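*Asks:* Let's see this in three dimensions:
(one chain, ligands or ions: 2)
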Amino acid sequence: MSGGHPDGRAIAGGRQQRLRSDPHPRVLTIAGSDSGGGAGIQADLKTCQELGVFGMTALTAVTAQNSLGVQAIFPLSVEAVETQLISVLDDMGADVVKTGMLLESAIIRIVAKTLEDRGIAQLVVDPVLYAKDGSALFRREAIESLKSELLPIASIVTPNIPEACELLELPADTIRTTADMIDAARSLLLLGPQYVLLKGGHLPGESSGSSGSSDAIDVLVGSPASGLHEHLLLRSPRIITRHTHGTGCTLASAIAAFLAQGHTVPAAAGKAKRFVTAAIAEAVPHGRGIGSLWHAAQRQMIE
Ligand SMILES: Nc1ncnc2c1ncn2[C@@H]1O[C@H](COP(=O)(O)OP(=O)(O)O)[C@@H](O)[C@H]1O
Ligand SMILES: Cc1ncc(COP(=O)(O)O)c(N)n1
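*Replies:* Ligands and ions are numbered 1, 2, ... in the order given. Next up, the predicted model:
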């Protein structure tokens, strides 16, 4: 596999970036296992490998899951999570940490404390609450710690629309348009992250001009300190498919991978959006329900 993504454009006004010279930057993902292989830790590791970064893991829970939904969740103890974090961080270290399914407040608290104690530089928080079949992947008491302990130390938080509504304590159908998404993303910034990427996969889609086709639009906003004063719209053609298991995990871990390579948050988000779009376009329809992304879609043909 060649190093780096074939499409190297940055979206932040074409700004040139100084990329890290380390050929194998490190990403640590703290997330749940998806036995179906499409989301969670499995999606994160596949994404890291495809993007040429070294992926490491701390498991929070094992899920029995497939294309039809989540059959069972087996949480790991807080001690098991903390010990994995210490093992990895105190020896190998991480350039970027990404969180996914954290399940409960006791785990969120230990993750936040361990990362803060070690002064991790960059943190991508995917506030995973639901699987694609609607199964809850969190305990309700977790929302408060997510907001008070993790979001304030996040470089970027990447909610989908239902997650944004939960975090903002809004009724589920409050966010219906791109304008609503921009307002909600700005409200989420007040919880303390440097950037918010509000993902629009759950919106019906907006028409892109004369073609009449619709787009999948994500909204990126930054805190005043980030230097991003206007919102950015990350737009891709909406692919007509039901096989979207793992889209959010893949997008967030691709952002982590591009950050680890030294890209800015806006550039990493733009490149990650293109990576996930390619993976959705080649999604694998295994199972009778919602199939998973094909993470190798962006590979160049090997003769
Ligand atoms: N059918 C689709 N076609 C193209 N992009 C999509 C499609 N569905 C989701 N996306 C994109 O996938 C990413 C994940 O979004 P979303 O599905 O909203 O998150 P989640 O997986 O957390 O529910 C976003 O970049 C979103 O725009
Ligand atoms: C263990 C685990 N983590 C996260 C998700 C969310 O997946 P998606 O990326 O489709 O939102 C999932 N279904 N299972």
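*Asks:* ok but D218 is inside a helix, no?
*Replies:* No. According to DSSP: H, G, I helix; E, B strand; the rest coil, D218 belongs to no helix; its state is strand.
*Asks:* and it, how many residues sit next to it?
*Replies:* 25 (other CB atoms under 10 Å). From N, CA and C alone the C-beta is placed, and that goes for glycine too.
*Asks:* A172 now?
*Replies:* A172, neighbours per other CB under 10 Å, totals 9.
*Asks:* Kindly report the same for S87.
*Replies:* Other residues close to S87 by other CB under 10 Å number 12.
*Asks:* what's it in contact with, if anything?
*Replies:* For S87, the contact set (CB atoms under 8 Å, 6 or more residues apart in numbering) is empty.
*Asks:* Model confidence for it, exactly?
*Replies:* pLDDT for S87: 98.
*Asks:* The helix or strand where it lies close to ligand 2?
*Replies:* Using DSSP states H and E, S87 maps to helix 78-89. No. Judged by CB under 6 Å from any ligand atom, helix 78-89 stays clear of ligand 2, getting no closer than 14.0 Å.
*Asks:* roughly how far out does that helix sit from the chain middle?
*Replies:* Helix 78-89 sits 21 Å away from the centroid of its parent chain (CA atoms, centre = their mean, to the nearest Å).
*Asks:* Tell me the pLDDT of D34.
*Replies:* Looking at D34, its pLDDT stands at 98.
*Asks:* what is it paired to in the beta sheet?
*Replies:* T63 (DSSP bridges).
*Asks:* from what I can see it touches D44, true?
*Replies:* No. If you go by CB atoms under 8 Å, D34 and D44 don't touch, sitting 9.9 Å apart.
*Asks:* neighbour-wise, which of the two wins?
*Replies:* Neighbours per residue (other CB under 10 Å) separate D34 from D44, with D44 holding more: 30 against 27.
*Asks:* The more buried one looks like it's in a helix, true?
*Replies:* Yes. Under three-state DSSP, D44 sits within a helix.
*Asks:* what about the closest residue to W294 other than its chain neighbours, distance to L68?
*Replies:* Among residues not flanking W294 along the chain, E282 sits closest, at 3.9 Å (CB to CB, 6 or more residues apart in numbering). Between E282 and L68 the computed distance is 21 Å (CB to CB, to the nearest Å).
*Asks:* hmm, the strand or helix carrying I143 in reach of ligand 2?
*Replies:* Using DSSP H and E, I143 maps to helix 142-145. No. Using CB under 6 Å from any ligand atom, we find that helix 142-145 stays clear of ligand 2, coming within 13.6 Å at best.
*Asks:* Could you do stretch 163-182 as well?
*Replies:* No. Stretch 163-182 lies out of reach of ligand 2 by CB under 6 Å from any ligand atom, never closer than 9.0 Å.
*Asks:* re the thing from before, please save the CA atoms from the helix holding S87 in CSV.
*Replies:* C-alpha atoms of helix 78-89 as CSV (Å, rounded to 0.1, in the frame of the first residue of the first chain):
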residue,chain,number,x,y,z
VAL,A,78,-13.3,0.3,34.4
GLU,A,79,-10.1,-1.3,35.6
ALA,A,80,-9.7,-3.2,32.3
VAL,A,81,-10.1,0.0,30.3
GLU,A,82,-7.7,2.0,32.5
THR,A,83,-5.1,-0.7,32.4
GLN,A,84,-5.2,-0.9,28.6
LEU,A,85,-4.8,2.8,28.3
ILE,A,86,-1.8,2.9,30.7
SER,A,87,-0.2,-0.1,28.9
VAL,A,88,-0.3,1.7,25.6
LEU,A,89,0.3,5.3,26.6
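*Asks:* Need the residues that contact the helix or strand following that helix.
*Replies:* As assigned by DSSP H and E, the chain's next helix or strand after helix 78-89 is strand 96-99. With CB under 8 Å, 6+ apart as the test, strand 96-99 has contacts from 25-31, 44, 111, 115, 120-126, 150, 252-253, 255-257, 259-260.
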